[in-house]
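Undergrad: Predicted model and sequence below, questions to follow.
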Amino acid sequence: MTDVLNVPVKLADGRATTLSEYGGKVILVVNVASKCGLTVQYEGLEKLYEDKRERGFVIAAFPANNFKGQEPGTDAEIVEFCTLTYDVKFPIFSKISVKGDDQHPLYRTLTASGLPTTGEGPMRERLRDRGLDSEEKTDVLWNFEKFLIGRNGKVVARFAPDVTADDQRLVSAIDRELAAS
């Protein structure tokens, strides 16, 4: 399996990089969208980032337009929205595809981890009721799904889109990884 930290990505300003730039930190990778019912999660994510960044925590936000066209903006529009609406200070990357034939290699690597998705039941049920459930269980379910990468660069946990930044399951997993050397 490809090392998730070495997959080429671009920041929203166009600068090419990899997540290895954050090597040794605990990274929460989140696919985000500006026009989703879950968009308010930006507020909690920013608070989580502010609370834990001094301990070596970073959030890597990857805008994606894979779900009902809920991220139609350009990279510049997305950054402006996040900054003005939620005062987001964590890194925002260039828009990518998180599932399907054009799935970005980062998400191909993340979803190949085979980890179970914590808290996925309720969200999957709601999507199924609306005819939006993915047949492929490894697919990203919706906007704001979260992947936790430990200081060692390995994917250690996966969380459903509706698991919020203050959910104890997520906070405990982050704290556990922050405590690891």
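TA: Thanks, I have it.

Undergrad: use CA for all of it now, contacts and neighbours both
TA: Will do.

Undergrad: Return the helix or strand in the chain with minimum mean pLDDT.
TA: Of all regular secondary-structure elements in the chain, judged by mean pLDDT, DSSP states H and E, the least confident is helix 120-129 with a mean of 75.

Undergrad: Work out the gap between that one and the centre of the chain.
TA: Taking CA atoms, centre = their mean, to the nearest Å, the mean C-alpha location of helix 120-129 is offset from the chain mean by 19 Å.

Undergrad: so after that helix, what's the next helix or strand?
TA: Elements were assigned by DSSP states H and E; along the chain past helix 120-129, the next helix or strand is strand 146-149.

Undergrad: by contact count, what packs against that next one?
TA: Based on contacts counted as 3 or more CA pairs under 8 Å, 6 or more residues apart in numbering; DSSP states H and E, the elements that strand 146-149 packs against are strand 26-32, strand 155-159.

Undergrad: any chance you could map the strands in the protein?
TA: Along the chain, the segments classed as strands by DSSP state E run 9-10, 16-17, 26-32, 57-63, 117-118, 146-149, 155-159.

Undergrad: These: which one's closest to Pro91?
TA: Pro91 sits nearest to strand 57-63 of all the strands of the chain, at 5.4 Å, using CA to CA.

Undergrad: now the angle from that closest one to strand 26-32?
TA: Taking axes from the mean of the first three to the mean of the last three CA atoms, to 10 degrees, one finds that strand 57-63 is oriented at 20 degrees with respect to strand 26-32.

Undergrad: how about the strands of the chain in JSON lines, adding mean pLDDT?
TA: Supplementary listing: those in JSON lines, determined by pLDDT from 0 to 100:
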{"stretch": "strand 9-10", "mean pLDDT": "97"}
{"stretch": "strand 16-17", "mean pLDDT": "97"}
{"stretch": "strand 26-32", "mean pLDDT": "98"}
{"stretch": "strand 57-63", "mean pLDDT": "98"}
{"stretch": "strand 117-118", "mean pLDDT": "90"}
{"stretch": "strand 146-149", "mean pLDDT": "98"}
{"stretch": "strand 155-159", "mean pLDDT": "96"}
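
Undergrad: Format those as a markdown table; extra columns: mean neighbour count.
TA: Listed next are the strands of the chain as a markdown table, based on neighbours: other CA atoms under 10 Å:
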| stretch | mean neighbour count |
| --- | --- |
| strand 9-10 | 19 |
| strand 16-17 | 14 |
| strand 26-32 | 25 |
| strand 57-63 | 24 |
| strand 117-118 | 17 |
| strand 146-149 | 26 |
| strand 155-159 | 22 |
